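Visitor: Any chance you can model this:
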Amino acid sequence: MAAPPPPRPTLWRSCLPCRLNNESSVGNDLMGYAFATAIFPLYLGLRVWWRDGLPGVALSQAPVVLGFLALMCLIRLQREVYVRHREPLMLAACIPLFASITSLHAQLSGHPTAARHGGSPWRLLLLLLLPHASLWVLLAALVGRLLVRWNYICLSVLAWNTLRSTGGICDALLQLPGVEQSLAQLHFILQLAHSPTVFLPAGAAHLPPSGQCRSIMAWLTLSVGVLAPLAMLAPQERRARRRAKAVVE
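Guide: Coordinates of the predicted model:
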């Protein structure tokens with residue numbers, strides 16, 4: 001009697017490193033989801049509802065929190081199902097979260113902490129980076145440890161969403177007193193550091209302050225939120241594949 005055909009592989013079940021990575025990451029995922037379900041409602045309650053007086057906007061983000069709660073229940077009740085479909089499930093939960101944070105940040109208050117730049121371009125860079133979505137995307141990518149091919153999808157979508165919100169963030173930033181000079185200095189430094197790369201456009205010295213701000217935000221988004229996590233995760237994946245190959249052999 002002929003043996004039954006093997007199950008048809010899918011994108012997230014077609015290799016041993018995928019399964020090993022998913023199985024070893026469930027604990028970190030559960031802690032991450034628990035952290036998100038605690039911190040994001042707190043941010044919505046204190047920042048959006050109480051300080052900005054927008055209860056409707058805060059309540060509209062409830063599906064994001066419910067998505068993380070559903071994943072926590074799935075891990076507890078059907079761990080194997082979660083392991084098998086971990087990557088698309090994680091993307092389905094994390095992309096709306098970061099999209100909501102970016103949209104709320106641009107819509108509500110921009111960069112109030114950047115007012116403490118004190119005329120220093122380096123301090124301004126730090127103050128722009130801390131609340132920027134790219135930093136938190138980087139940290140989430142390193143903790144989540146998705147395979148690189150899935151990070152191509154996730155990071156591209158998040159970068160596109162962040163770049164869409166750049167205009168509102170820059171409009172709020174340029175209203176701060178004394179920020180234009182520090183912004184121009186920071187833009188010039190980054191232009192020198194990356195010339196002749198494509199991060200900052202040619203003729204950047206002639207850009208208006210709004211164009212300089214958009215260029216810096218694009219640099220943060222692409223370098224910190226896309227290139228940095230890919231550069232860090234690709235070597236880890238290569239090592240994981242070598243270990244999996246050694247196990248098979």
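Visitor: Does the residue nearest the centre of the chain belong to a helix, a strand or coil?
Guide: In the chain, the residue lying closest to the centroid (CA atoms, centre = their mean) is residue 137, at 2.2 Å. Recorded secondary structure, residue 137: helix (DSSP: H, G, I helix; E, B strand; the rest coil).
Visitor: Tell me the spatial nearest neighbour of it, not counting adjacent residues.
Guide: Closest residue in space to residue 137, ignoring its immediate chain neighbours: residue 225 at 4.4 Å, by CB to CB, 6 or more residues apart in numbering. Glycine gets a C-beta too; all of them are placed from N, C-alpha and C.
Visitor: The one you found is in contact with residue 162, isn't it?
Guide: Yes - Residue 225 is within contact range of residue 162, at 6.7 Å (criterion: CB atoms under 8 Å).
Visitor: got any residues that touch both of these two?
Guide: Shared contacts of residue 225 and residue 162, defined by CB atoms under 8 Å, 6 or more residues apart in numbering, are found at 132-134.
Visitor: Helices of the protein, start to end?
Guide: 16-43, 55-59, 62-77, 79-84, 86-108, 121-129, 133-144, 148-164, 166-173, 179-194, 209-219, 228-248 (DSSP state H).
Visitor: Dump the ones you listed into JSON lines; add distance to residue 114 as well.
Guide: Putting the helices of the chain into JSON lines (distance: least, CB to CB, whole Å) gives the following:
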{"stretch": "helix 16-43", "distance to residue 114": "19"}
{"stretch": "helix 55-59", "distance to residue 114": "23"}
{"stretch": "helix 62-77", "distance to residue 114": "26"}
{"stretch": "helix 79-84", "distance to residue 114": "40"}
{"stretch": "helix 86-108", "distance to residue 114": "12"}
{"stretch": "helix 121-129", "distance to residue 114": "5"}
{"stretch": "helix 133-144", "distance to residue 114": "14"}
{"stretch": "helix 148-164", "distance to residue 114": "17"}
{"stretch": "helix 166-173", "distance to residue 114": "6"}
{"stretch": "helix 179-194", "distance to residue 114": "6"}
{"stretch": "helix 209-219", "distance to residue 114": "10"}
{"stretch": "helix 228-248", "distance to residue 114": "22"}
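Visitor: okay, now the residue nearest to residue 137: neighbour count?
Guide: Counted with other CB atoms under 10 Å, residues neighbouring residue 225 total 23.
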